[in-house]
Structures are given as structure tokens and as C-alpha cells.
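Participant: turn this into a model:
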Amino acid sequence: MQAALAFFSATPSMSLPPSASPCVKARHSTTEDASTLAGAASSTSKDFPSVKWAQKTVVVPAQRRGCHLITSKIVREIGQDLSGFKCGLAHFFLQHTSASLTINENYDSDVRHDTETFLSKVVPEGVSAPWKHTLEGPDDMPAHIKSSMFGCTLTIPITNGQLNMGTWQGIWLCEHRDHATPRHIVVTLNGM
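Facilitator: Predicted coordinates for the structure are as follows:
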């Protein structure tokens with residue numbers, strides 16, 4: 001197996017300045033085969049901090065149609081587990097097909113309102129809309145399309161026990177139905 005592989009190691013000769021991220025730096029290798037990498041990984045595993053996982057399902061109460069900033073609720077729900085990670089990734093998976101997750105403006109609520117206005121103009125609904133799937137109401141098929149536009153997953157870096165987002169970034173739950181149900185978000189944390 002001569003494919004380009006990334007091998008992550010922390011060797012005693014590698015020292016990070018105190019201001020550096022706690023994340024382990026990567027060394028890229030294209031010549032080692034899989035068995036060489038496996039052997040090297042096992043011989044240096046004592047150099048790695050322990051990798052850990054945590055998972056929790058966060059339930060967001062039913063919201064009206066629109067884009068809702070949910071960062072503080074998420075952080076409240078996962079904060080205890082999150083604080084145990086120096087470096088890692090937080091993966092968010094929304095278990096629904098008529099809502100979505102995205103990262104966007106966390107300050108001005110007009111951005112959320114304008115985004116909902118845009119979505120409503122781009123994806124028509126009602127009796128004049130061309131959709132065949134109408135069994136669950138005229139807003140259901142448009143909700144599925146909007147959900148696919150934004151998606152149902154996010155991945156955010158974890159640094160020193162916190163979600164490492166930009167100053168003006170927040171997690172949005174975009175509700176695309178008129179009469180929504182509570183939404184479930186599976187949060188998986190992985191790192192050191």
C-alpha cells in the first residue's frame with residue numbers, strides 16, 4: 001500500500017512553545033507502507049495523550065419556523081464533557097430531514113431573519129409549488145429541500161475545552177416546518 005498516508009506522532013524531540021495549540025503536529029509521509037506505519041504507531045503510542053470519546057443527544061424544544069441561535073444551549077448541555085478535551089473535534093448530527101444546522105452570524109438577529117426570507121423565496125411552497133410530496137403538508141417538501149441545502153451535520157474544532165469558533169460565529173438550528181417537533185442533535189466529541 002503505497003498511497004499517501006498521514007502519520008501523526010509526538011516524539012520527544014518535538015517541543016511546542018507554550019503558546020502553541022495543544023494539538024499534536026502532523027508529519028506527512030508518502031513512502032511508508034501500512035505495516036511500517038502500524039509498527040511506528042505502536043512504538044510511539046506512549047508519546048500520545050490518551051484519545052477519548054464522549055457522546056450525548058441534545059434535545060432542542062420545538063421552535064417556530066426560522067433560524068435559531070442555539071450555541072449557548074448546546075454548550076450548556078455538553079459543557080462538562082467538552083471541558084475535558086484540550087484538542088479535538090465536536091461533531092453535530094441533526095436527526096431530522098426537515099430542519100438543518102449551519103454556522104453563521106451570532107450577533108445580529110436580522111441575519112437569521114434575512115436568511116429565512118431568502119430560503120422562502122428560493123424554495124416555493126403552497127398549492128402553486130411543483131412538489132409531488134405533499135402528504136405531510138405544503139411546507140414539508142420545501143423543508144426537505146432547505147434541509148439538504150444547509151445539511152444536517154457540523155464539525156467544529158475543540159481547543160482547551162471550548163468550541164473553537166470565530167468571534168461572530170454561532171450554531172444555528174434552521175427550522176423549516178410551520179408546526180415543528182423537538183429536534184434531536186447527536187453530539188460526538190473526540191480528542192485528547
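Participant: who's the one residue sitting closest to the centre of the chain bridged to?
Facilitator: For the chain, the residue nearest the mean C-alpha position is L154 (2.2 Å; Cα atoms, centre = their mean). L154 has the following beta-bridge partners by DSSP bridges: F92.
Participant: try E105
Facilitator: The partner list for E105 in beta bridges (DSSP bridges) reads Q169.
Participant: what sits against it?
Facilitator: Each residue near E105 by Cβ atoms under 8 Å, 6 or more residues apart in numbering is listed here: 111-112, 168-170. Backbone N, C-alpha and C define where each C-beta goes, glycine included.
Participant: which of those has the most neighbours?
Facilitator: The most crowded member of the contacts of E105, judged by other Cβ atoms under 10 Å, is G170 (21 neighbours).
Participant: which secondary structure elements does the lengthiest helix in the chain contact?
Facilitator: Ordering each helix of the chain by length in residues (DSSP state H) puts helix 109-122 first. Here helix 109-122 touches strand 66-69, strand 99-105, strand 169-175, going by 3 or more Cβ pairs under 8 Å, 6 or more residues apart in numbering; DSSP states H and E.
Participant: touching, A54 and G84? I think so.
Facilitator: Yes. The pair A54 / G84 is scored as a contact, 7.4 Å apart, by Cβ atoms under 8 Å.
Participant: neighbour count: those two, which is higher?
Facilitator: More crowded of A54 and G84, by other Cβ under 10 Å: A54, with 17 against 14.
Participant: is the more buried one in a helix, a strand, or coil?
Facilitator: Counting by DSSP: H, G, I helix; E, B strand; the rest coil, the backbone at A54 sits in strand.
Participant: over to the one 3 residues further on?
Facilitator: Secondary structure for T57, judged by three-state DSSP, is strand.
Participant: with E77 instead?
Facilitator: What three-state DSSP gives for E77 is helix.
Participant: find me the pLDDT at it, would you?
Facilitator: What the model reports as pLDDT for E77 is 98.
Participant: domain assignment for this protein?
Facilitator: Using automatic domain parsing, the domain parsing of the chain gives 5-47, 52-191.
Participant: tell me which of those domains sits most buried.
Facilitator: Ranked by mean neighbour count, the domains of the chain are led by domain 52-191 with a mean of 16 (mean count of other Cβ atoms under 10 Å).
Participant: where in this protein is pLDDT low?
Facilitator: Segments of the chain classed as low confidence (criterion: pLDDT under 70) are 1-48.
Participant: if we go to 80?
Facilitator: Along the chain, the parts satisfying pLDDT under 80 run over 1-49.
Participant: isn't Q162 right up against G79?
Facilitator: No. Counting by Cβ under 8 Å, Q162 stays clear of G79, with 9.2 Å between them.
Participant: quick one: distance of stretch 153-166 to the chain centre.
Facilitator: 8 Å (Cα atoms, centre = their mean, to the nearest Å).
Participant: what does that stretch rub up against?
Facilitator: In contact with stretch 153-166 (Cβ under 8 Å, 6+ apart) are residues 21-23, 71, 75, 82-94, 101-103, 171, 189, 191.
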